[in-house]
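In: Show me how the following folds:
(chains A, B, C and D)
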2 protein chains.
Amino acid sequence: MPVSKKELSECPIDAMLSVIDGRWKGTILWRLSDRPMRTSELARSIPGITERMLIRHLQELVRDGILIRRQENVVPPCVRYSISKYGLTLVPVLEVICAWGRNHLRRLHAASPHALPCK
Amino acid sequence: MPVSKKELSECPIDAMLSVIDGRWKGTILWRLSDRPMRTSELARSIPGITERMLIRHLQELVRDGILIRRQENVVPPCVRYSISKYGLTLVPVLEVICAWGRNHLRRLHAASPHALPCK
DNA sequence: GTTTGTACTGACAAAGTTGTCAGTGCCGCA
DNA sequence: TGCGGCACTGACAACTTTGTCAGTACAAAC
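Out: So this is what the prediction gives:
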């Protein structure tokens, strides 16, 4: 059932990575950083993801306190996910990671040194 | 054969994580940040790691330009690994990750809020 | 002359992660 | 009356990552 590989570890680096880690978590956070979204809306906005995986990742991010799940009790159900206050503290970390990664990609295909959009 | 899960991705975050990601990479980098070390020395200093896994991770880190492998042509072989200049650019990123992770761990077991050593 | 240590590889098993598929209850639309 | 959309679950297959085990060559120590 778990999406992120590492069980509880006392290493802060592992602790951080276990929150970020997961095939789609980066993309989900990036999409939600614009605005809150409904489940199906998110699914449609992330090409290639399946509903199953999306929901598993969302649940983990909620459990880790990064996302907030708000549900209106109507039929059909309407659930909206947004980044929590705590989740916002992740943003500067992701920016540092992203900056290094962008530079690393430039190193890799130094042939086409055009700027790449973050995600 | 690969140790890190993601194949080449254009996402800078994934690109960065693919370098860090791997059960023992954080620990290896942390150990080598003190000083260069020989393969077997590293193996002994990381409880629980197997030689096989250590070597696979080392090879990937070398391939990614993070580590440098220096070999003296003697018998028995003597190989020494050290962090490259490029690898040093990772350090500030790891520090940011570590800081967030430390805070996250405090959140988790808020019961015992003593400072945790990095790694 | 058997053992120990070095740095590594190959074949394979065991975990762990991701993906697929079917099914749930209810409403609105045609 | 049948279909699609919503948010989700369970069972399970496929793939990835990690771990286990044996084996390589050579020299020095015992």
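In: list the helices and strands the biggest helix by length in chain A packs on?
Out: Across chain A, the longest stretch assigned as helix under DSSP state H is helix A:90-108. Secondary structure elements in contact with helix A:90-108, counted by 3 or more Cβ pairs under 8 Å, 6 or more residues apart in numbering or on different chains; DSSP states H and E, are helix A:12-20, helix A:25-32, helix B:12-20, helix B:90-108. Backbone N, C-alpha and C define where each C-beta goes, glycine included.
In: Just the CA coordinates for that helix, please, in CSV.
Out: Only the C-alpha atoms of helix A:90-108 are listed here, as CSV (Å, rounded to 0.1, in the frame of the first residue of the first chain):
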residue,chain,number,x,y,z
LEU,A,90,8.4,22.7,1.2
VAL,A,91,8.4,25.1,-1.6
PRO,A,92,11.8,26.8,-1.0
VAL,A,93,13.3,23.3,-0.6
LEU,A,94,11.8,22.2,-4.0
GLU,A,95,13.2,25.4,-5.5
VAL,A,96,16.7,24.6,-4.4
ILE,A,97,16.3,21.0,-5.7
CYS,A,98,14.9,22.3,-8.9
ALA,A,99,17.7,24.8,-9.4
TRP,A,100,20.4,22.1,-9.0
GLY,A,101,18.5,19.7,-11.2
ARG,A,102,18.2,22.3,-13.9
ASN,A,103,21.9,22.8,-13.9
HIS,A,104,22.5,19.1,-13.8
LEU,A,105,20.3,18.6,-16.9
ARG,A,106,22.3,21.3,-18.7
ARG,A,107,25.4,19.4,-17.9
LEU,A,108,24.0,16.2,-19.3
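In: Need the nearest residue in space to A:Leu90, chain neighbours excluded.
Out: A:Ile66 (6.4 Å; Cβ to Cβ, 6 or more residues apart in numbering or on different chains).
In: residues near the one you found, how many?
Out: Summarising burial for A:Ile66: neighbours were counted as other Cβ atoms under 10 Å in any protein chain shown, giving 23.
In: Could I get the contacting residues of it?
Out: A:Val19, A:Leu29, A:Ile83, A:Ser84, A:Tyr86, A:Gly87, A:Leu90 (Cβ atoms under 8 Å, 6 or more residues apart in numbering or on different chains).
In: Out of these, which comes closest to DNA strand C?
Out: Nearest to DNA strand C among the contacts of A:Ile66 is A:Val19, at 12.3 Å by Cβ to the nearest atom of the strand.
In: Can you tell me, leaving aside adjacent residues, what's nearest to the closest one?
Out: Counting by Cβ to Cβ, 6+ apart, A:Asp64 is the residue found nearest to A:Val19 once chain neighbours are left out, at 5.2 Å.
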